[in-house]
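Peer 1: Build me a model from this:
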Amino acid sequence: MKDLKNTELLKHGSFINGQWQTSDDCFPVVNPATNEVISKVAEATASQVEQAITAANTAQPLWQEKTSYERAAKLQRWAALINEHKDDLALIMTREQGKTLADAGGEIAYGKSFIDWFAEEAKRVYGDTISKHADNKMISVIKQPVGVVAAITPWNFPTAMITRKAAAALAAGCTIVIKPASETPYSALALAVLAKQAGIPDGVFNIVVGKDSRSIGEQLTQHPLVKKFTFTGSTKVGKLLNKQCAESIKKVSLELGGNAPFIVYDDADISLAVKALVDAKLRNCGQTCISPNRIYLHRPIADAFKKQLVASLEKVTQGNGEAAESDVACLIHQEAAENVHKLVESAKADGGKILIGGLSQSPDSSFFPLTVIDNVTHSSDITLCEIFGPVFSLITFDEPEQAIEQANDTEFGLASYVFSQNINRLQQTTTALDYGMIGVNDTAISHPIAPFGGIKHSGFGKEGSKYGLDDYLIIKAITYGF
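Peer 2: Have a look, this model is predicted:
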């Protein structure tokens, strides 16, 4: 990446206790759009992961004792540096993750916004004084940092999923060790470069990189010095990591898979709903956990909606994320495209009808075309699984109760969406939907001020918002006798 304005952002090994670490074992990082190797990164050894945890534990009391204003100042400087280098950070992300430069630039701003938010929110960690229950007693409640935090973050948002966790942890007074996805280590390591420049003390922010996710995950989840573990990724992996945390009784938060329903009633603003759906579904080529997965259309408006949807997608340009004309790019790798193709073929076998897109044979690259498949059945694999691709699965319903019942008929409970102009219908539907987040006539539901998180097999805990610090704090009750 010689065309970066600041080539110092590109690092090739783990960041531990303020130092860059290498090893003899390296793994390649591939540009998914071209299948070319960007460069190679050193695999973190077990001893290096141990060093990172030990360094975080050593730095914990010193960082914890700093005032909230001191911690905020470091975070604000970090955010300013991210903004200063936003173009380079976006280019790094596009090349290792595949999303368009516009998408990547949006994520850099989004990721920075969490640092901005928690830098200020750190100053508002309040306790309580409880009314005395006896003449000679008083109870005080204070909040303190939980301690060393370990985090494993995904490849689909390689910057924002780190800043959303790390900003909250650091603001609360915790130190952190982060294991980013092996597909996208460079975005994480660039953040570490800027964290060091911002003056965040050695040992407070650590990055360990590697393809051996199982071994590193076991260390992070089972180490007794780690007091809190946070993970964003698949439900299958989240369940395993949660079990590994149980032995040492760690505080855990999990943001796992989704299967978001998108319900459009017959009184909805169709143009608004179509635009919101396309914007949400094509973000990162459909590779988001809150991406609409099942689109339920009320029969009276179904045909009009389908016509507008297809017309809208026909105007979208798909290509290499670095090309200025590309509105949407590729998936993370060819295997991901093959998985999406299998789901589409399964839906077709169940009676689904392709309105646009699809492939006649298995994909030979990471690109999968924008696809609309109609007449999807509720029991089809494509409605039971998280698609994680640019495929719109359309299901027509007759009665609202039918749509709500099918929307809830999943083990997941992350995000859902409903479009209507009838306040009574909206109230009834949002109350009945079993999801941690609901978008009403809108799909832009993720923001630093809003609590992000799901229920059921989509995990537990909240990120962002005033609630986002709670997962990094402990509540201590102090009873005074006098």
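
Peer 1: C-alpha from now on. contacts and neighbour counts both.
Peer 2: Will do.

Peer 1: tell me the secondary structure for the closest residue to residue 28 other than its chain neighbours?
Peer 2: In this structure, residue 28 finds its nearest non-sequential neighbour in residue 40, 4.3 Å apart by Cα to Cα, 6 or more residues apart in numbering. Three-state call for residue 40 (DSSP: H, G, I helix; E, B strand; the rest coil): strand.

Peer 1: What residues does residue 40 make contact with?
Peer 2: For residue 40, the contact set (Cα atoms under 8 Å, 6 or more residues apart in numbering) comprises 12, 26, 27, 28, 29.

Peer 1: Please repeat the previous calculation with a cut-off of 10 Å.
Peer 2: 11, 12, 13, 25, 26, 27, 28, 29, 30 (Cα atoms under 10 Å, 6 or more residues apart in numbering).

Peer 1: Show me which of those residues are buried.
Peer 2: 11, 12, 13, 26, 27, 29, 30 (16 or more other Cα atoms under 10 Å).

Peer 1: how about those residues, which pair is most distant?
Peer 2: 13 and 30 (16.0 Å; Cα to Cα).

Peer 1: What ranges does this structure have for its helices?
Peer 2: Counting by DSSP state H, the chain has these helices, from start to end: 46-65, 68-84, 86-97, 101-121, 160-172, 185-197, 213-222, 235-246, 270-282, 299-313, 334-349, 381-384, 400-408, 423-432.

Peer 1: Please identify the deepest-packed of the ones you listed.
Peer 2: Among the helices of the chain, helix 160-172 has the highest mean neighbour count (mean count of other Cα atoms under 10 Å), at a mean of 27.

Peer 1: could I get it in PDB with only the CA atoms?
Peer 2: Extracted in PDB, the C-alpha atoms of helix 160-172 (Å, rounded to 0.1, in the frame of the first residue of the first chain):
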ATOM      1  CA  ALA A 160     -16.400   0.400  14.300                       C
ATOM      2  CA  MET A 161     -16.600  -2.900  16.200                       C
ATOM      3  CA  ILE A 162     -13.300  -2.200  17.800                       C
ATOM      4  CA  THR A 163     -14.000   1.500  18.700                       C
ATOM      5  CA  ARG A 164     -17.600   0.600  20.000                       C
ATOM      6  CA  LYS A 165     -16.000  -1.800  22.500                       C
ATOM      7  CA  ALA A 166     -12.700  -0.100  23.200                       C
ATOM      8  CA  ALA A 167     -14.000   3.400  23.700                       C
ATOM      9  CA  ALA A 168     -16.500   2.200  26.300                       C
ATOM     10  CA  ALA A 169     -13.900   0.100  28.000                       C
ATOM     11  CA  LEU A 170     -11.300   2.800  28.200                       C
ATOM     12  CA  ALA A 171     -13.800   5.400  29.200                       C
ATOM     13  CA  ALA A 172     -14.900   3.200  32.100                       C
END
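
Peer 1: Quick one: mean pLDDT for it?
Peer 2: Across helix 160-172, the average pLDDT comes to 98.

Peer 1: now the angle from it to helix 185-197?
Peer 2: Relative orientation of helix 160-172 versus helix 185-197 (axes from the mean of the first three to the mean of the last three Cα atoms, to 10 degrees): 30 degrees.

Peer 1: gap between the spatially closest residue to residue 350 that is not a sequence neighbour and residue 421?
Peer 2: Leaving out its chain neighbours, the residue that sits closest to residue 350 by Cα to Cα, 6+ apart is residue 380, at 6.7 Å. Residue 380 sits 30 Å away from residue 421, going by Cα to Cα, to the nearest Å.

Peer 1: Who has more neighbours out of these two?
Peer 2: Using other Cα atoms under 10 Å as the criterion, residue 380 and residue 421 rank with residue 380 on top: 18 against 14.

Peer 1: contacting residues for the residue nearest to the spatial centre of the chain?
Peer 2: The residue lying closest to the centre of the chain (Cα atoms, centre = their mean) is residue 161, at 4.9 Å. Residue 161 sits next to 107, 110-111, 114, 151-155, 180, 188, 231-232, 463 when contact means Cα under 10 Å, 6+ apart.

Peer 1: The residue nearest to residue 350: what's it in contact with?
Peer 2: Applying Cα under 10 Å, 6+ apart, the residues contacting residue 380 are 343, 344, 346, 347, 348, 349, 350, 351, 352.

Peer 1: Tell me which two in these are the farthest apart.
Peer 2: 343 and 351 (12.7 Å).

Peer 1: measure residue 105 to residue 90 for me?
Peer 2: 5 Å.

Peer 1: correction: residue 311
Peer 2: Taken as Cα to Cα, the span from residue 311 to residue 90 is 30 Å.

Peer 1: same check, this time on residue 238
Peer 2: The value you get for residue 238 to residue 90, if Cα to Cα is used, is 28 Å.

Peer 1: thinking again about what came up before, per-residue pLDDT, the residue nearest to residue 350?
Peer 2: Taking residue 380 on its own, its pLDDT is 94.

Peer 1: Let me see the backbone angles for it.
Peer 2: Main-chain dihedrals, residue 380, degrees, to the nearest 10: phi -70, psi 150.

Peer 1: Tell me how far it lies from residue 351.
Peer 2: Applying Cα to Cα to residue 380 and residue 351 gives a distance of 9 Å.

Peer 1: repeat for residue 425
Peer 2: 31 Å.

Peer 1: Which ones among the buried ones among the contacts of residue 40 map onto strands?
Peer 2: Counted as lying in strands by DSSP state E, out of the buried ones among the contacts of residue 40, are 26, 27, 29, 30.

Peer 1: residues contacting the nearest residue to residue 313 once chain neighbours are set aside?
Peer 2: Distances taken as Cα to Cα, 6+ apart put residue 370 closest to residue 313, at 7.3 Å, once the chain neighbours are dropped. Neighbouring residues of residue 370 by Cα under 10 Å, 6+ apart: 281-282, 285-286, 310, 313-314, 316-318, 328, 356-358, 389-392.

Peer 1: just to revisit the earlier point, overlap in contacts of residue 105 and residue 90?
Peer 2: Joint contacts of residue 105 and residue 90 (Cα under 10 Å, 6+ apart) are residue 99.
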